[in-house]
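In: Requesting a structural model of the entry that follows:
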Amino acid sequence: MSTITFDDFKKIEIRAGKILSAEKIPDTDKLLKLSVDFAETETAVDGTTKPKPRQIVSGISAYFPDPTILVGKTCMFVANLEPRTIRGHESNGMLFAVSDTAGNFSLLEPNAGIAPGTLAK
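Out: Here you go, the predicted structure:
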């Protein structure tokens with residue numbers, strides 16, 4: 001296991017995000033495209049604001065043959081990772097999950113009531 005400094009760790013922004021949609025990326029074995037609500041908004045030209053979900057690509061398809069079961073789940077994400085294009089799809093964050101050699105898998109989900117956008121402390 002490699003180590004990082006505490007100063008490096010402090011740079012990581014871990015936020016709760018609610019999954020709004022999830023779909024398999026065609027012609028891939030592992031990839032799902034998620035639309036995630038972090039309680040971010042964008043302002044239109046007319047001054048109104050609207051929700052601005054982020055797209056996140058994650059290699060968890062093998063664990064979710066029906067990705068729609070992810071919709072509505074609030075999970076933890078790295079929110080300040082630089083954008084990366086994966087198989088032609090831009091990803092704007094990283095989902096936290098764990099798995100072991102026995103094939104057990106778990107998403108990191110906060111307790112009920114934690115709102116999208118909440119920053120881990």
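In: Centroid-nearest residue for this protein?
Out: residue 95 (3.9 Å; CA atoms, centre = their mean).
In: With adjacent residues omitted, what lies nearest to it?
Out: Sequence neighbours aside, residue 58 is the residue nearest to residue 95 in space, at 4.6 Å (criterion: CB to CB, 6 or more residues apart in numbering). Just so you know, the C-beta spots here come from the backbone N, C-alpha and C atoms, and that holds for glycine as well.
In: beta partners of the one you found?
Out: Taking DSSP bridges as the rule, residue 58 bridges to residue 32.
In: can you count the residues close to it?
Out: By other CB atoms under 10 Å, 28 other residues sit near residue 58.
In: One more: residue 46?
Out: For residue 46, the neighbour count with other CB under 10 Å is 5.
In: Report the separation between residue 16 and residue 106.
Out: Distance, residue 16 to residue 106, by CB to CB, to the nearest Å: 16 Å.
In: Could you do residue 48 as well?
Out: Per CB to CB, residue 48 is found 39 Å from residue 106.
In: Tell me what the residue nearest to the centre of the chain is bridged to.
Out: Assigned bridge partners for residue 95, using DSSP bridges, are residue 77.
In: Torsion angles phi and psi at residue 96?
Out: phi -90, psi 130 (degrees, to the nearest 10).
In: show me the contacts for it.
Out: Counting by CB atoms under 8 Å, 6 or more residues apart in numbering, residue 96 touches 14, 75, 76, 77, 78, 107, 108.
In: For these, pick the one with the most neighbours.
Out: In terms of neighbour count, residue 77 stands highest of the contacts of residue 96 at 26 neighbours, by other CB under 10 Å.
In: show me the contacts for that one.
Out: By CB under 8 Å, 6+ apart, residue 77 lies in contact with 14, 15, 16, 17, 36, 38, 56, 93, 94, 95, 96.
In: again, only this time at 10 Å
Out: Contact partners of residue 77, counting by CB atoms under 10 Å, 6 or more residues apart in numbering, are 13-17, 19, 34, 36, 38, 54, 56, 58, 92-96, 108, 120.
In: Just the ones of those in strands?
Out: In this view, the contacts of residue 77 that belong to strands under DSSP state E are 14, 15, 16, 17, 19, 34, 36, 54, 56, 58, 94, 95.
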